[in-house]
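1. Output the structure for:
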Amino acid sequence: MVGILVTGGAPAPLPTLLSPLLQGQAAAARALLKFGLVPEFHPDGYHPIHRACWRGGAKFADTVLAFLEAGVPADLPTQQPSSGAGQGKAVAGRTPMQIAAQSGSAKDMEPTLKVLRRALKKSKGAKGKEPHAQQQSGSEESREL
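-> Residues are numbered from 1 along each chain as shown. Got it, this is the predicted structure:
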């Protein structure tokens, strides 16, 4: 299926149906990105990097890292969901760090939070300014941005 999607040579958007499947699937994410597929927002307002921030553990942190290595911004905000998105819609403006900080225990989420902190620090250093993340009250990690 991947070969069919990229045979024209131009990068293709990551099909919406594949987006949820990449949650915690770093190898699949890297393989699809290697073929030039571009992650896109789902109609519910979430990007694949946000989905990877929902759960803790090393495999989810590695998936977040795969998207960051492909150029997805560490402070990418969720979008306003489309009108027919159904249940589980995103709240527009939440960053991967905010989602990870509010998704599980600190111990479970630490690998993902560590990856995101490193990426945000690197981004801040490269740009010479703060990332465009919007702060929300809540967890310590949310306020850290």
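2. Run through the residues that contact the residue nearest to residue 51 when sequence neighbours are not counted.
-> Spatially, and ignoring its direct neighbours in sequence, residue 51 is nearest to residue 23 (4.5 Å; CB to CB, 6 or more residues apart in numbering). Any C-beta I mention is one placed from the backbone N, CA and C, and that applies to glycine too. By CB atoms under 8 Å, 6 or more residues apart in numbering, the contact list for residue 23 reads 48, 51-52, 54-55, 60, 63.
3. Let me know the pLDDT of residue 23.
-> Looking at residue 23, its pLDDT is 77.
4. Would you agree residue 88 is in contact with residue 44?
-> Yes. The pair residue 88 / residue 44 is scored as a contact, 5.9 Å apart, by CB atoms under 8 Å.
5. So the two - more neighbours on which side?
-> Neighbours were counted for residue 88 and for residue 44 using other CB atoms under 10 Å; residue 44 has more, 21 against 10.
6. For the helix or strand where residue 29 lies, buried residues please.
-> Under the criterion of DSSP states H and E, residue 29 resides in helix 26-34. Applying a neighbour-count criterion of 16 or more other CB atoms under 10 Å, one finds 26, 28-30, 32-33 buried in helix 26-34.
7. Show me which of those is closest to residue 92.
-> Ranked by distance to residue 92 (CB to CB), these are led by residue 29 at 23.7 Å.
8. Low-confidence ranges, this structure, go.
-> Flagging of the chain using pLDDT under 70 yields the residue ranges 1-17, 19-21, 84-87, 126-145.
9. And the helices in it, which stretches?
-> Here the chain has its helices, by DSSP state H, at 2-6, 26-34, 48-52, 58-69, 96-101, 106-127, 140-144.
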